[in-house]
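Enquirer: let's see this in three dimensions:
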Amino acid sequence: MTKYIKDRYGDAPIIITENGVPEANNYTLPINEAVQDYLRIRYHRLHLNFLIKAINWDGVNVRGYLVWSLFDDFEWNDGYAYRFGLIYIYYKRDLTRYIKYSALWLKRFLQKQNASSRLGYSPI
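Expert: Okay, the predicted model is just below:
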């Protein structure tokens, strides 16, 4: 799709916003299992790797990628039925926050990629 946008609209800057994947909110899981969100890691890994290829191979002008969302949140249509966040919120008791595996993965990915040199431009 990014190549299509480049071909159709020229070198317009592209910012991908609110990109994320929901996981069902399973209240029966202990927290140490609930933070193991491998589906979200796979989702973002695939998207980011394809974006790097689009930038490097096709010259697509991708300027930003925003993960949806930082914290688990209330969704208007589904309430708390799904979790989108990189940080788990314990709704049952005191709203304590726990870092999910995907947040740690994203941190390592960004450090490893060294975005400014790997992508060939300075991120916004």
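Enquirer: for the chain, give me the ranges with low pLDDT.
Expert: Scanning the chain for pLDDT under 70 picks out the ranges 114-124.
Enquirer: the helices in it, which residues?
Expert: 2-9, 31-34, 38-58, 101-113, 115-118 (DSSP state H).
Enquirer: quick one: closest of these to Tyr65.
Expert: helix 38-58 (6.4 Å; C-beta to C-beta). Every residue, glycine included, has its C-beta placed from N, CA and C.
Enquirer: quick one: buried residues of the closest one?
Expert: For helix 38-58, burial by neighbour count (16 or more other C-beta atoms under 10 Å) applies to Arg40, Ile41, Tyr43, His44, His47, Leu48, Leu51, Ala54, Ile55.
Enquirer: surely the fourth one meets Trp68?
Expert: No. The pair formed by His44 and Trp68 falls short of the contact definition of C-beta atoms under 8 Å, at 10.4 Å.
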